[in-house]
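Enquirer: Starting from these lines, generate the structure:
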Amino acid sequence: MLIGNKNFTEKNKTYIMGILNVTPDSFSDGGKFNSYDAALIHAQSMLEDGAAIIDIGGESTRPNHIQISSQEEIERVCPIIEAVKNNLDIPISIDTYKAPVAEAAIKAGADLVNDIWGLKYDKAIAKVIADTKTACCLMHNSNNTNYNDYFNDVLNDLAETLSIAKQAGITSDKIILDPGIGFGKTYNNNLTLIKHMDILHKFNLPLLLGTSRKSVIGLTLDLPTDERLEGTLATTVMAVLKNYMFVRVHDVKENYRIIKMTEAIKYSMDS
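Expert: Okay, the predicted model is just below:
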């Protein structure tokens, strides 16, 4: 899969998408990297620690977040995208569900659109992605937790997303799917979908797991966001074992090391 100028072709490999929130209110790192210098330094650090993609977000999507205008989001993310693009050799993802933001971000240098609504919030975003031939990560999401047949409902929702993508002209070689842990799901929904995350392989597309520091970990361990590293690492190990191509995380160095160790064991030859 080509993202920017990087080919992600190695089979049975899990790559890291490092999170760079340039927001004042993200649930885990809000306000830490929303200045030009701080964002660039953090992106450099994540690249050195093993990130393969930098995911830049300008609006928090935590529960009960305050939605900002497209223009405000553009003003937050585009200068940072340009700075990372001009200074670092790494693909850039824009974390947005809004077509105007995606379009501006791609013009600024973004190589991938990470849409938490799987093309269903802003109907125009699919055309932006298709017309620019940009890669995309399409996530499962829901306005509520009223499922009739949970796993089948999730798969059917993602099939609907893929139908929207196909109708818009987004080719399958540009698509990553994300089960959407923490979005429109109960605590138990999240745990069971992590356990059975391999059901998404039915679509035969690259998959991404995003659990980093999320509430499912906090509720399990009864720990605040800044103490959820070990819980995140447990889910990353499961992603490697379930053949997910990407994990989206805050703590790049630790996740890179545990992926490398898990892959060494997973692919070791019997003596």
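Enquirer: What count of nearby residues applies to residue 49?
Expert: Neighbour count for residue 49, taken as other Cβ atoms under 10 Å: 16. Glycine gets a C-beta too; all of them are placed from N, C-alpha and C.
Enquirer: got a list of what it touches?
Expert: Neighbouring residues of residue 49 by Cβ atoms under 8 Å, 6 or more residues apart in numbering: 18, 252-253, 256.
Enquirer: from those, which would you call buried?
Expert: For the contacts of residue 49, a burial check counting by 16 or more other Cβ atoms under 10 Å picks out 18, 252-253, 256.
Enquirer: Let me see the backbone angles for residue 137.
Expert: phi -120, psi 120 (degrees, to the nearest 10).
Enquirer: you'd agree it is up against residue 114?
Expert: Yes. If you go by Cβ atoms under 8 Å, residue 137 and residue 114 touch, sitting 4.4 Å apart.
Enquirer: who touches both of the two?
Expert: Common neighbours of residue 137 and residue 114, using Cβ under 8 Å, 6+ apart, are residue 93.
Enquirer: before we move on, the earlier item: so which of the contacts of residue 49 is the closest to residue 201?
Expert: Nearest to residue 201 among the contacts of residue 49: residue 256, at 23.5 Å, using Cβ to Cβ.
Enquirer: Ignoring the adjacent residues along the chain, who's closest to the closest one?
Expert: Residue nearest to residue 256 in three dimensions, not counting chain neighbours: residue 50, with 3.1 Å by Cβ to Cβ, 6 or more residues apart in numbering.
Enquirer: Now do the contacts for that neighbour.
Expert: Shown in contact with residue 50 (Cβ under 8 Å, 6+ apart): 16, 252-253, 255-257.
Enquirer: Could you rerun that using 7 Å?
Expert: Shown in contact with residue 50 (Cβ atoms under 7 Å, 6 or more residues apart in numbering): 16, 252-253, 256.
Enquirer: Can you tell me which of these is nearest residue 154?
Expert: Nearest to residue 154 among these: residue 16, at 24.3 Å, using Cβ to Cβ.
Enquirer: which SS state does that closest one fall under?
Expert: Three-state call for residue 16 (DSSP: H, G, I helix; E, B strand; the rest coil): strand.
Enquirer: what's the burial count for it?
Expert: Around residue 16 there are 23 residues (other Cβ under 10 Å).
Enquirer: Would you confirm that it contacts residue 47?
Expert: No. In terms of Cβ atoms under 7 Å, residue 16 does not count as a neighbour of residue 47; the distance is 10.1 Å.
Enquirer: residue ranges of the strands in the stretch 151-271 of the chain, please?
Expert: Under the criterion DSSP state E, counting those that start in this stretch, the stretch 151-271 of the chain contains strands at 175-178, 208-209, 246-249.
Enquirer: With residue 149 as the reference, name the closest of the ones you listed.
Expert: Comparing the strands of the stretch 151-271 of the chain against residue 149 with Cβ to Cβ, the closest turns out to be strand 175-178 (19.1 Å).
Enquirer: tell me what that closest one is packed against?
Expert: Contacting strand 175-178 under the criterion 3 or more Cβ pairs under 7 Å, 6 or more residues apart in numbering; DSSP states H and E are the following elements: strand 135-139.
Enquirer: Tell me the helices and strands packed up against the strand it packs on.
Expert: Strand 135-139 packs on strand 112-115, strand 175-178, going by 3+ Cβ pairs under 7 Å, 6+ apart.
Enquirer: sorry, back to before: tabulate the contacts of residue 49 (CSV), appending pLDDT and distance to residue 160.
Expert: Output for those, formatted as CSV (pLDDT from 0 to 100; distance: Cβ to Cβ, whole Å):
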residue, pLDDT, distance to residue 160
18, 98, 30
252, 98, 33
253, 98, 37
256, 98, 34
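Enquirer: what would the residues you listed look like in a markdown table with distance to residue 156?
Expert: Below are those laid out as a markdown table (distance: Cβ to Cβ, whole Å):
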| residue | distance to residue 156 |
| --- | --- |
| 18 | 31 |
| 252 | 34 |
| 253 | 38 |
| 256 | 35 |
